[in-house]
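> Whatever this is, show me its structure:
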Amino acid sequence: MQITDKGKQILERGNLTLSELQSDPDFINHRASVQTKKENEVILETVDVENSSPQDLIDSGFTTIEAEVKTELLEKLKEIDPYYFEKVILILPKKMDYGDFIETSKSNDGGIDGIINEDKLGLEKIYTQAKRYNENKVREKDIRNFIGAMSGDTSKGVFITTSSFDDAAIRKAREAHHSTILIDGAKLVDLMHDYNVGVQVKTTYEVKALDNDFFEGE
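Below you'll find the model as predicted:
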């Protein structure tokens, strides 16, 4: 194991405050990785292997794999180009069987990243805003600007982030005249996993059981 360049710089400086450590991106990612590992270990520890049925063991293993994939998916979303992240956010509703989407101009989107047709004919529109954050929470000002950017042809908006929303932001969205849905990182990867956006089926297993109806004609 070798010390990194960052570690050498800190040693040369001679001190590292707790605040600096807690805000360091590498430390944050490491802490998240450790937490995920602990959660997966807890899942495994709660399974009584000797007294569990084969179906119980399969369900437990499936839950562990799903948790790991969602963690990897969220980490990937935080790494990709912000403009591509905005496109991912538009692809998801399309997979959820909404209508076509329109990407707004990146140079002057006025707080709107995309427009989703709620139905196939485009009679109703939904505005979207996407924020690819690591740890910073979406604040009330962000929600206020998003609501203000909605034009008169829609009263519906979806604000999506890879992080989370602070209490003031949640309250602002709830009290707004527009119908504003907030989707945080955990909910985002749940939806992407359910609708196969950014993930693919690796293996399919068939679990078979005795067909008692087949033998009733004996």
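> okay, CA-based contacts and neighbour counts for the rest of this
Fine.
> Next SSE downstream of the helix ranked longest in the chain?
Looking across the chain with DSSP state H, the single longest helix is helix 54-79. Next along the chain after helix 54-79, taking DSSP states H and E as the criterion, comes helix 82-95.
> Check which residues of whichever helix or strand comes after that next one are buried.
Counting by DSSP H and E, the next helix or strand C-terminal to helix 82-95 is strand 101-103. Using 16 or more other C-alpha atoms under 10 Å as the test for burial, strand 101-103 gives residue 101.
> Let me see the contact set for residue 104.
112-115 (C-alpha atoms under 8 Å, 6 or more residues apart in numbering).
> Repeat that for residue 160.
Contact analysis of residue 160 by C-alpha under 8 Å, 6+ apart lists 89, 128-131, 182-185, 188.
> Is it correct that it falls within a helix?
No - applying DSSP: H, G, I helix; E, B strand; the rest coil, one finds residue 160 to be strand, outside a helix.
> give me the beta-bridge partners of it?
Counting by DSSP bridges, residue 160 forms beta bridges with residue 130, residue 183.
> returning to that earlier point: among the contacts of residue 160, which pair sits farthest apart?
Greatest spatial distance in these: 128 and 185, 15.2 Å, computed using C-alpha to C-alpha.
> before we move on, back to that, go through the contacts of residue 104 and say which is closest to residue 96.
Using C-alpha to C-alpha, those come closest to residue 96 at residue 115, 14.8 Å.
> rewinding a little: list the buried residues for the longest helix of the chain?
For helix 54-79, burial by neighbour count (16+ other C-alpha under 10 Å) applies to 60, 64, 67, 70-71, 73-75, 77-78.
> just to revisit the earlier point, ok, the contacts of residue 104 vs residue 177, which is closest?
residue 112 (17.4 Å).
> who touches the closest one in this structure?
Per C-alpha under 8 Å, 6+ apart, neighbours of residue 112: 104, 127-129, 146, 149-150.
> Quick one: the helices in this structure, in order.
Here the chain has its helices, by DSSP H, at 5-13, 18-23, 25-45, 54-79, 82-95, 140-149, 167-175, 185-194.
> quick one: low-confidence parts of this structure?
Scanning the chain for pLDDT under 70 picks out the ranges 1-49, 105-110, 151, 218.
> so which of the contacts of residue 104 comes closest to residue 94?
For the contacts of residue 104, the nearest to residue 94 is residue 115 (11.4 Å; C-alpha to C-alpha).
> can you count the residues close to that closest one?
20 (other C-alpha atoms under 10 Å).
> same deal with residue 92?
Neighbour tally, residue 92, other C-alpha under 10 Å: 18.
> just to revisit the earlier point, what helices or strands is the longest helix of the chain leaning on?
helix 25-45, helix 185-194 (3 or more C-alpha pairs under 8 Å, 6 or more residues apart in numbering; DSSP states H and E).
> For residue 123, grab phi and psi.
Dihedral angles of residue 123 (phi, psi; degrees, to the nearest 10) stand at phi -80, psi -30.
> what's it in contact with, if anything?
So residue 123 contacts residue 117 (C-alpha under 8 Å, 6+ apart).
> one more time with 10 Å, if that's ok
In this structure, residue 123 makes contact with 99, 117, judged by C-alpha atoms under 10 Å, 6 or more residues apart in numbering.
> and it, how far is that from residue 117?
7 Å (C-alpha to C-alpha, to the nearest Å).
> go on, residue 153?
12 Å.
> overlap in contacts of the two?
124-126.
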